[in-house]
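Trainee: sequence below, structure please.
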Amino acid sequence: MNIALSPATQRMMALLGAATLLLGAVLMPMKMMLLVPALVLGLLLLALYQFPRALAVLLVMTCALALDFQMDVTLNTGIGAVLVKSVPFGIAAVLLLRYGPSREINWPFLTFTAIAGLSLAILPIGHVATNEDMLRSYIGSAAPFVLGFAVAPRRFWTLLIRGAALVPIISAVCSVPAMAIGFWTPFDIGGRFQGMHSPPFLAGFCVTAIFACLLEYLRGFRALWLVVAGLDLAILMLTQARAPLISVLLFLGLVFLLSGREIMPLRRKVDLVMGGVLPGLILLSPAIWYAMNRIRDMANDMSGRDIIWPYFLDAIEARPLFGFGLGAGKLIVNPEDPTIRLLGSSAAHNEYLRLSVDAGILGCAAIFLSIAAWVWIGSRRCPSSDRLVLRAALAAALLHSGFDNTLIASTALMQFSFFAAAMARGQADLRETSSRRSRRRHESRLEEGAMSAVLARQGRW
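Mentor: Predicted structure coming up:
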């Protein structure tokens, strides 16, 4: 379903709009001044509808510039996170209107929707939290998966995947002028690099960026994507985040070890090690030394997780099967507690614990099984290299979820939008390849039939 307007209709609408604005400016100038912001917003929405690739750029830049983080710090409110997590819903709405819905089943979104309904109707959170709190929790939980409902041109998905690879680099580059004008500092108080984000958030974006770089590299073996991956890895090391780094190493190891000759020939692996990994280790040695120092010094430090996790374990013991309801994890820890204030965060930093409080052990299992099924089944209809990358990325993401907020933070928007984009593009490529093969077989049969007819006629003569 593509209801893009014809050029003639667009010109007619533009002329009518211009005439209406001119007439309004003459007859009621004061009212027209009040309508200008709404008109500008309408023109912006029309432009995004006509040029859907701009929507991919919008999502990438929203994540790269950390608009949620910057707005919350500047305005000291939680409105930034709500606005940023509304962006995928807006993008999906435009794509659905223009191209129609996908035929793929979006298991994670449906699972979160079911749990939100149970939370509101049955579970204790529905009697404790306000409807606004419930809606915020639902938007935050479902937003990363909403693009799974959308259909878009292949170029849209490619731009989104490549944009995901550039998010940490954009964040790092933009932090330099932000520091120059005194707006932001690229290093936190502990000396960890944070770009426009905080170190854990930037590290989360680096994980997805490396997924995207390897996906693009295996499609054409272009050295450009090795360079981009190296920059993303350097930024990840400068954040000194341990769990994301371990997840990336697991991902790279799985892809390297499980890739067969049809995906990455042995010669290519040797070239990659000798011409990419070893020079990369030399070039990244300062960042590696910087990261290893922190990992060594904080080998026994859980960054407050050993303090916060017991709160969640006690809550799970109280209601183990069905939990307290979506969003209840935010109520487990008192943010005004002196110890929690010292830590600077009341989040679980473990999605298995947080979701077991929200939805119980059964609900938590359903959520992660739905994510695994969504990626595993969706990647089944992708080219072999894409399938390997997506499944290795899934394993790394599941490991990472045990130590960070991977489903509720803004990093999830980019990560699961990447999964949706990679699966949609891979499925489109495989369909196109199958179609070409079918055409070739059909043409071959026609040629064989024509040749047989010629030979038959010659035999009669």
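
Trainee: list the buried residues in stretch 89-102.
Mentor: Neighbour-count burial for stretch 89-102, counted by 16 or more other CB atoms under 10 Å, picks out 91, 92, 94, 95, 96, 98, 99, 102. To be clear about C-beta, it is placed using only N, CA and C from the backbone, and glycine gets the same treatment.

Trainee: leaving out sequence neighbours, find the closest residue to the first one.
Mentor: Looking back up the chat, that one is residue 91. residue 55 (4.6 Å; CB to CB, 6 or more residues apart in numbering).

Trainee: now swap in the third one and tell me
Mentor: Leaving aside its sequence neighbours, residue 94 sits nearest to residue 49 (CB to CB, 6+ apart; 5.7 Å).

Trainee: ok, residue 164 to residue 205 distance?
Mentor: Using CB to CB, to the nearest Å, one gets 8 Å for the distance from residue 164 to residue 205.

Trainee: ditto for residue 231
Mentor: Remark: distance between residue 231 and residue 205 (CB to CB) = 13 Å.

Trainee: what residues are shared contacts of these two?
Mentor: Counting by CB atoms under 8 Å, 6 or more residues apart in numbering, the contacts common to residue 231 and residue 205 are residue 168.

Trainee: those two: which has the busier surroundings?
Mentor: Neighbours per residue (other CB atoms under 10 Å) separate residue 231 from residue 205, with residue 205 holding more: 32 against 19.

Trainee: from residue 62, how far off is that one?
Mentor: Separation of residue 205 from residue 62 (CB to CB) stands at 12 Å.

Trainee: and if you look at residue 133?
Mentor: Look at residue 133 and residue 62: by CB to CB, they are 23 Å apart.

Trainee: which one's more surrounded, these two?
Mentor: The neighbour count for residue 133 versus residue 62, taken as other CB under 10 Å, is higher for residue 62 (21 against 16).

Trainee: how about the contacts made by residue 366?
Mentor: Here residue 366 is in contact with 111, 115, 359 (CB under 8 Å, 6+ apart).

Trainee: I'd say the last one and residue 327 touch.
Mentor: No. The criterion here is CB atoms under 8 Å, and residue 359 misses it with residue 327 at 10.4 Å.

Trainee: so what's in contact with these two at the same time?
Mentor: Counting by CB under 8 Å, 6+ apart, the residues touching both residue 359 and residue 327 are residue 119.

Trainee: and the closest residue in space to residue 381 that isn't next to it in sequence, helix, strand or coil?
Mentor: Leaving aside its chain neighbours, residue 381 sits nearest to residue 427 (4.8 Å; criterion: CB to CB, 6+ apart). What DSSP: H, G, I helix; E, B strand; the rest coil gives for residue 427 is helix.

Trainee: next, count neighbours for residue 427.
Mentor: Neighbourhood size, residue 427 [other CB under 10 Å]: 21.

Trainee: just residue 223 next, same as before
Mentor: If you count neighbours by other CB under 10 Å, residue 223 ends up with 10.

Trainee: retrieve the pLDDT associated with it.
Mentor: We have a pLDDT of 85 for residue 223.

Trainee: please apply the same query to the one 5 residues further on.
Mentor: pLDDT, the model's per-residue confidence, is 92 for residue 228.

Trainee: which stretch of helix or strand covers the spatially most central residue of the chain?
Mentor: Central residue of the chain (CA atoms, centre = their mean): residue 414, 2.0 Å from the mean position. Using DSSP states H and E, residue 414 maps to helix 411-460.

Trainee: cool, residue 261 as well?
Mentor: Residue 261 belongs to no helix or strand, assigned by DSSP H and E.

Trainee: and it, how far is that from residue 351?
Mentor: Between residue 261 and residue 351 the distance is 36 Å, computed by CB to CB.

Trainee: more neighbours: these two, which one.
Mentor: The neighbour comparison of residue 261 against residue 351 (other CB under 10 Å) goes to residue 351, with 27 against 10.

Trainee: how many residues are close by the nearest residue to that one once chain neighbours are set aside?
Mentor: Distances taken as CB to CB, 6+ apart place residue 401 nearest to residue 351, at 4.1 Å, with adjacent residues excluded. Counted with other CB under 10 Å, the neighbours of residue 401 add up to 21.

Trainee: my guess is residue 401 contacts residue 407, does it?
Mentor: Yes. If you go by CB under 8 Å, residue 401 and residue 407 touch, sitting 6.8 Å apart.

Trainee: got any residues that touch both of those two?
Mentor: Both residue 401 and residue 407 are in contact with residue 351, where contact means CB under 8 Å, 6+ apart.

Trainee: can you check the pLDDT for residue 130?
Mentor: pLDDT recorded at residue 130 is 72.

Trainee: still on that earlier bit, residues of the helix or strand harbouring the residue nearest to residue 91 that come out buried?
Mentor: Here residue 55, judged by DSSP H and E, is contained in helix 53-64. Residues of helix 53-64 classed as buried: 53, 54, 55, 56, 59, 60, 62, 63, 64 (neighbour count, 16+ other CB under 10 Å).

Trainee: and that helix, what does it pack onto?
Mentor: Judged by 3 or more CB pairs under 8 Å, 6 or more residues apart in numbering; DSSP states H and E, the packing partners of helix 53-64 are helix 29-50, helix 79-99, helix 154-180, helix 411-460.

Trainee: which other helices and strands does whatever helix or strand comes next after that helix contact?
Mentor: Where DSSP H and E defines the elements, the next helix or strand beyond helix 53-64 is helix 67-75. Secondary-structure packing of helix 67-75 (3+ CB pairs under 8 Å, 6+ apart): helix 79-99.

Trainee: distance between the helix it packs on and the chain's centre?
Mentor: Between the centre of helix 79-99 and the centre of its chain there are 13 Å (CA atoms, centre = their mean, to the nearest Å).

Trainee: contacts for that helix, please.
Mentor: 1-4, 45, 48-49, 52, 55, 58-59, 62-63, 67-72, 136, 139-140, 143-144, 146-147, 149-153, 156, 410, 413, 417.

Trainee: low-confidence ranges, the stretch 101-250 of the chain, go.
Mentor: 126-128 (pLDDT under 70).

Trainee: what ranges does it have for its helices?
Mentor: All helices of the stretch 101-250 of the chain, identified by DSSP state H, counting those that start in this stretch, fall at 107-121, 125-128, 131-142, 154-180, 199-220, 223-239, 242-258.

Trainee: send me the first one as PDB with only the CA atoms.
Mentor: Just to be clear, that refers to helix 107-121. Written as PDB, here are the backbone C-alpha positions of helix 107-121 (Å, rounded to 0.1, in the frame of the first residue of the first chain):
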ATOM      1  CA  TRP A 107       6.300 -11.400  19.100                       C
ATOM      2  CA  PRO A 108       8.100  -9.100  21.600                       C
ATOM      3  CA  PHE A 109       5.600  -6.200  21.100                       C
ATOM      4  CA  LEU A 110       2.600  -8.500  21.500                       C
ATOM      5  CA  THR A 111       4.100 -10.000  24.600                       C
ATOM      6  CA  PHE A 112       4.700  -6.600  26.200                       C
ATOM      7  CA  THR A 113       1.200  -5.600  25.300                       C
ATOM      8  CA  ALA A 114      -0.300  -8.600  26.900                       C
ATOM      9  CA  ILE A 115       1.700  -8.100  30.100                       C
ATOM     10  CA  ALA A 116       0.700  -4.400  30.200                       C
ATOM     11  CA  GLY A 117      -3.000  -5.400  29.900                       C
ATOM     12  CA  LEU A 118      -2.600  -7.900  32.800                       C
ATOM     13  CA  SER A 119      -0.700  -5.300  34.800                       C
ATOM     14  CA  LEU A 120      -3.500  -2.800  34.500                       C
ATOM     15  CA  ALA A 121      -6.400  -5.200  35.100                       C
END
